[in-house]
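Peer 1: Generate coordinates for the sequence data below:
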Amino acid sequence: MKSINLSYMGQSRWWWVVLVLGILLILGGFAYWLWPIEGFVTAAVLFGWLLILAGIVQLCVAAGPDHPKGWGWWIAGGVIDLFVGFVLVRNLGLSEAVLPLFLAVVFIFWGIEAFVGAAMHTRYRYWWLGLINGILLCLIGFFFLEGSIVNNIFMVSFLTAIAFIYWGFSIAMVGYEMKPVRK
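Peer 2: Coordinates of the predicted model:
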């Protein structure tokens with residue numbers, strides 16, 4: 001769902017795992033659409049646990065023997081993700097209040113990243129898809145901001161369901177493009 005440029009994703013014999021992940025996200029989006037209140041609570045707690053997992057992974061990458069060049073940023077990101085994750089998991093009321101704002105920031109960031117990716121890859125044939133992706137991601141992010149200001153749980157749940165479905169289609173497309181071509 002980020003700035004997708006299918007020409008540099010590469011090919012893998014595990015392409016079907018990415019495709020299955022996209023399909024599961026689509027199914028999760030439709031389930032979220034049908035059960036919005038239960039999905040909202042589940043998503044808030046799930047995001048907390050995913051941030052804890054992401055923080056642990058970032059710290060392990062930074063502490064590894066072949067750590068990346070900007071390993072300090074990995075450590076800072078890991079500590080921040082762990083802190084926010086523990087806050088979301090520990091306090092359900094706070095996590096439900098913060099979730100729409102967190103999603104808004106994430107989608108706007110991904111939209112800006114898609115704009116930059118499209119501008120950097122104008123020599124590719126389908127560079128404009130990154131531009132459209134960025135516009136859609138920024139719109140979803142701004143709608144999340146609007147929904148959190150109104151504090152309407154149904155609007156935020158609907159937007160999250162749409163975002164999951166959109167994310168699932170994007171990931172499924174990437175998975176399909178990663179399929180090795182037989183000669």
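Peer 1: Quick one: mean pLDDT for stretch 71-82?
Peer 2: Across stretch 71-82, the average pLDDT comes to 80.
Peer 1: ok, and what's touching that stretch?
Peer 2: Here stretch 71-82 makes contact (Cβ atoms under 8 Å, 6 or more residues apart in numbering) with Leu51, Ile52, Ala54, Gly55, Ile56, Val57, Gln58, Leu59, Val61, Ala62, His67, Pro68. Every residue, glycine included, has its C-beta placed from N, CA and C.
Peer 1: Now do the contacts for the third one.
Peer 2: By Cβ under 8 Å, 6+ apart, the contact list for Ala54 reads Gly78, Asp81, Gly85.
Peer 1: For my notes, please list the contacts of stretch 71-82 in JSON lines and give pLDDT for each entry.
Peer 2: What follows is the contacts of stretch 71-82, written out as JSON lines (pLDDT from 0 to 100):
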{"residue": "Leu51", "pLDDT": "78"}
{"residue": "Ile52", "pLDDT": "86"}
{"residue": "Ala54", "pLDDT": "79"}
{"residue": "Gly55", "pLDDT": "82"}
{"residue": "Ile56", "pLDDT": "86"}
{"residue": "Val57", "pLDDT": "81"}
{"residue": "Gln58", "pLDDT": "79"}
{"residue": "Leu59", "pLDDT": "85"}
{"residue": "Val61", "pLDDT": "75"}
{"residue": "Ala62", "pLDDT": "77"}
{"residue": "His67", "pLDDT": "65"}
{"residue": "Pro68", "pLDDT": "61"}
